[in-house]
Every structure is written in structure tokens, then in C-alpha cells.
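>>> fold the following for me, if possible:
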Amino acid sequence: MSQTSSVQGPRVVDLTDNNSDRASDEYTNESTETESEEDDVSDNQGNRQQEETNQLPQASAEKSNESDGDICSICFEPFSNSGDHRLSCLKCGHLFGFGCISKWLNGKKGNSAKCPQCNALSKKSDIRILFAKSIKVIDTTERDRAVEDWKRERMLRLAAEQHVEQLKLVNKEYERKIAQEDERNVGKHQGQSASSSKGNLYENSPKKAKLMPSGYHYKTTVQISQQGNCRVMAFDVCSANLLVSKPSQNRLFPGFGIVKISSLDVRNPFFLKLHNKDIRDLKFNQSGDNLLLSASLDKTLKITSMSTDNVVQT
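Take a look at the predicted model:
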């Protein structure tokens, strides 16, 4: 019995040692896995926090940009449409809460009260209450720049058209001089033949000219001016336009001009101001280029292109 117990004793001790070693190994492995999982979780949380931190400035900047026009610059609180903090402004145009700007101006003595934004002299009677549900400022920089570019392009185009009309006038003048020179050269060689042909023409012409029947008849009546003072008129055969001088009926732009009436459609007359005083005479250029010469009592002559309705030269 004693031998059996001595033999079994070490066996029990050996089993206990083996179990303890296994348990310690398993605990070590579990703790290692737990630590690795905790490291992964901490890394993921760190990355998320860093991403959220990077996004916070952008979100805050967007919110600040959106809310800049909705908050009072004195107390940094949103405006209200009623109560003590309802929307109001000064004569300089800056917006504040009514109670805030009232306290601000009351706290200044004498004439030292100024706008918190632009330091413009202000007083309590300058406060104006605004009735608006919401305020939103629209950026019109691009639109304003486009409008300025369009105006600049329009001015350049008008200048180019005037330059073209001036060049046409110069070209017509050169053509007229060339035609006169050609006629002068031809006339030198046809002196005698011209006189003989002229005598034959008078001999063969009838003594009494027959009157042809008139091809004109009444069609309609067009009222030019109720005040009268329509002095002269001119008719362009090429464009079929009738021009009549008349005083301007616009008090903002006084003076005298012409009314252009198309003989094809008399329902839409067009007025163009040209001179400061009465127009004495109107004359179209016979070459068919729609150029009108006008003379006025203001001692000026103007050449106007009726194609573009612009003064070409003064």
C-alpha cells in the first residue's frame, strides 16, 4: 500500500504541473490575441477621430459662412422676426438685433456713437426695423463682370461700325472724283459732236409735252407731332423710308430729331434725336448707301447712317 501511494503521488503532481502549464499557455495566447484586437480597435478609432478632426474645420467653415448673414455682429446670436432681437439696420446698411444696437448707441455719450461695423456716425433715430423672414446674400460678381464685358464689347462694336461708315464716305468721295475726271477727259474729245447732237435734239423734240396721268393716290394719314414744328422732310428711294423733322417730346432729352417712317409699314415710326435746335434741311446721298445729311440752327452738320441709326460724323 505504501508503494502504491508513493507511485501515485508523483503522477498526480505531474498531471497538475502539465495542466498548469497548458492553462498558462492558453492564457498567454488569449491575452496576446486580446491585446492585438485592442490594438486594432484603438488604431481604427484613432483613424476615425483623425478623419472627423479633419472634417470639422470644413464643416465649421461652411456653417460660419452660411450663418454670417443670419447672426448679430454684437452678440453673435441669430436674428428674430419679433421681440427685442428683431432684425434692424442703421443708415449705413449694416444689420444688427434691435436691442443690441439700441444698447450700443445708448452707451455712447454725445455724438460719439458709431456703427460697430464701419464706424460711421449714428444715432438711435437712425435705427430701421426690417421685416424679412430670411436673409441670403447672392454673389453677383460673375454676372456684373459679364455685364461690364458686354457693355465694353458693345461700345467697341459701335466704334467699329462708325469707322466703317467713315471709310465708306472716303471711298465714295474718291469714286466721285475719279468719275469727274473721266467725264472731263471724255468732254475734251466730244466738243463738236456734242453741239451738233444738241441741235438735233432741239429740232426733233415736240413743241408741247403731253401730261402723263398721275400714279399717286391717297392711302393713309400718319400723325407726326401734335405740337407741330415739323419743318422739312426727305425720302429715300432705295430704302423706301420717309424722314420728317420734329421736336423731341421727351423732357429728359430735349432737342430736335427725325421720325423715320417706312412706306411699306407706316404703323411703327421711329424717332432719332440729332440736334439741339431746329433742323433746317435734310438730304439723302443719291448713291444708295442710306446716309443722311442734316443741317440745324445749332450751326452743326451731321451725317447719319439710317441702316444703323447712328451718327457717323459731325
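>>> ramachandran angles for Gln226?
Dihedral pair for Gln226: phi -80, psi -20, per degrees, to the nearest 10.
>>> ok, now Ala159?
Main-chain torsions, Ala159, degrees, to the nearest 10: phi -60, psi -40.
>>> from Gln166, how far off is it?
11 Å (CB to CB, to the nearest Å). In short, each C-beta sits where N, CA and C put it, glycine included.
>>> looking at these two, which is more packed in?
For Ala159 versus Gln166, neighbours defined as other CB atoms under 10 Å are more numerous around Gln166 (13 against 10).
>>> give me the beta-bridge partners of Leu291?
When bridges are assigned using DSSP bridges, the partners listed for Leu291 are Ser305.
>>> next, count neighbours for it.
22.
>>> do Cys72 as well
The local packing of Cys72 (other CB under 10 Å) involves 21 other residues.
>>> please shift the residue numbers so they start at 241 in all later answers.
With the count now opening at 241, the last piece we talked about shows up as Cys312.
>>> what's near enough to touch it?
The neighbourhood of Cys312, defined by CB atoms under 8 Å, 6 or more residues apart in numbering, consists of 318-319, 325, 335-337, 340.
>>> try 7 Å
Neighbour list for Cys312: 319, 336-337, 340 [criterion: CB atoms under 7 Å, 6 or more residues apart in numbering].
>>> strands - which of those land there?
Secondary structure assignment (DSSP state E) places 336-337 from those within strands.
>>> distance to Phe496, neighbour count and pLDDT added to the contacts of Cys312, as CSV?
Conversion of the contacts of Cys312 to CSV gives the following (distance: CB to CB, whole Å; neighbours: other CB atoms under 10 Å; pLDDT from 0 to 100):
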residue, distance to Phe496, neighbour count, pLDDT
Phe319, 56, 20, 85
Phe336, 54, 24, 92
Gly337, 58, 24, 91
Cys340, 59, 19, 92
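>>> save the contacts of Cys312 as JSON lines, and put in distance to Arg416 too.
Output for the contacts of Cys312, formatted as JSON lines (distance: CB to CB, whole Å):
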{"residue": "Phe319", "distance to Arg416": "75"}
{"residue": "Phe336", "distance to Arg416": "74"}
{"residue": "Gly337", "distance to Arg416": "78"}
{"residue": "Cys340", "distance to Arg416": "79"}
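>>> from the contacts of Cys312, which is closest to Ala386?
Within the set of these, Phe319 lies nearest Ala386; the separation is 32.5 Å, counting by CB to CB.
>>> of all the contacts of Cys312, which comes closest to Ile367?
Of the contacts of Cys312, the one sitting nearest to Ile367 (CB to CB) turns out to be Phe336, at 8.4 Å.
>>> how much space separates the nearest residue in space to the closest one that is not next to it in sequence from Arg368?
Leaving out its chain neighbours, the residue that sits closest to Phe336 by CB to CB, 6 or more residues apart in numbering is Cys312, at 5.4 Å. Distance, Cys312 to Arg368, by CB to CB: 15 Å.
>>> partner strands of the helix or strand in which Val499 is found, with direction?
Using DSSP states H and E, the secondary-structure element containing Val499 is strand 496-502. Here strand 496-502 is paired, per DSSP bridges, with strand 481-487 (antiparallel), strand 510-515 (antiparallel).
>>> tell me the most buried of these?
With neighbours defined by mean count of other CB atoms under 10 Å, none of the strands paired with strand 496-502 is more surrounded on average than strand 481-487, at a mean of 21.
>>> picking that back up, so for Asp529, which of the strands paired with strand 496-502 sits nearest?
Of all the strands paired with strand 496-502, the one in closest proximity to Asp529, counting by CB to CB, is strand 481-487 (13.2 Å).
>>> give me the contacts around the closest one.
By CB under 7 Å, 6+ apart, the list of residues contacting strand 481-487 from outside reads 464-465, 467, 469-475, 496-503, 519, 522, 532, 546.
>>> now the buried members of these.
Among the contacts of strand 481-487, those that count as buried by neighbour count (16 or more other CB atoms under 10 Å) are 464, 470-472, 474, 496-501, 519, 522, 532, 546.
>>> mind listing the helices for the stretch 241-390 of the chain?
Under the criterion DSSP state H, counting those that start in this stretch, helices of the stretch 241-390 of the chain are mapped to 242-307, 338-346, 381-428.
>>> show me what the last one is packed against.
Judged by 3 or more CB pairs under 7 Å, 6 or more residues apart in numbering; DSSP states H and E, the packing partners of helix 381-428 are strand 550-553.
>>> now with 10 Å, please.
Contact analysis of helix 381-428 by 3 or more CB pairs under 10 Å, 6 or more residues apart in numbering; DSSP states H and E lists strand 531-536, strand 541-545, strand 550-553 as its packing neighbours.
>>> got TSV for those, with mean pLDDT too?
Below are these laid out as TSV (pLDDT from 0 to 100):
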stretch	mean pLDDT
strand 531-536	87
strand 541-545	87
strand 550-553	84
